[in-house]
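> Quick one, structure for this:
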Amino acid sequence: MKVILRQDFDALGEAGKTFTVKDGYARNFLIPRGIAYEATASNLRMFEQDKQRLEARKNREKRLAEGLQTKLDGVSVTATVPVGEEDRVFGSVTTQDIAELLAAKGFEIDKRKIQLDEPIKALGFYEVPVKLHSEVQAVIKVWVVKQ
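Prediction:
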């Protein structure tokens, strides 16, 4: 089935592009959630009308993300964790923990935007990227220290 993306979707691409996907994926996931339209002639015309609003929204979101990037680039958070013998960390520091530390500093960042390959399981200093927009990424500093 051919679909037109209404909004940017990481698994497929940018809004406005036409893709061929499996029928079930389109009917059960993309269309009900408002991510895509079925690519019919009337929907193509309707999307052309929405295109200007979409471009304005994308530009506004990018400007907001760039403003947040300038604030976040210098931010440093400290996670205190319990340690055992030889400074082995009990548990780990996850994206949820980092999001909560940022919230305590006044930044409401979704944990899914924090790009942590795997949870932090050792003491030290880490630079963690935060994807604010498809084109904008900030880097925060995370200190993991013993409790």
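> Every contact and neighbour count from this point should use C-alpha atoms.
Noted.
> Which residue comes closest to the residue minimising distance to the centre of the chain once chain neighbours are left out?
When Cα atoms, centre = their mean is applied to the chain, the residue found nearest the centroid is residue 113 (3.1 Å). Of all residues not flanking residue 113 in the chain, residue 131 sits nearest, at 5.1 Å (Cα to Cα, 6 or more residues apart in numbering).
> Over to the one you found. Which of the three states is it?
strand (DSSP: H, G, I helix; E, B strand; the rest coil).
> Quickly list what it is bridged to.
Beta bridges link residue 131 to residue 137, judged by DSSP bridges.
> Check which helices and strands the longest helix anywhere in the chain is in contact with.
If you go by DSSP state H, the chain has its longest helix at helix 41-72. In terms of contacts (3 or more Cα pairs under 8 Å, 6 or more residues apart in numbering; DSSP states H and E), helix 41-72 is packed against strand 124-133, strand 136-146.
> got a list of contacts for the shortest one?
The one in question is strand 124-133. 61-62, 65, 68-69, 113-116, 137-145 (Cα atoms under 8 Å, 6 or more residues apart in numbering).
> same deal with stretch 37-56?
Contacts for stretch 37-56 (Cα under 8 Å, 6+ apart): 1-6, 16, 18, 26, 30-31.
> and stretch 63-70, average pLDDT?
Looking at stretch 63-70 alone, the average pLDDT works out to 91.
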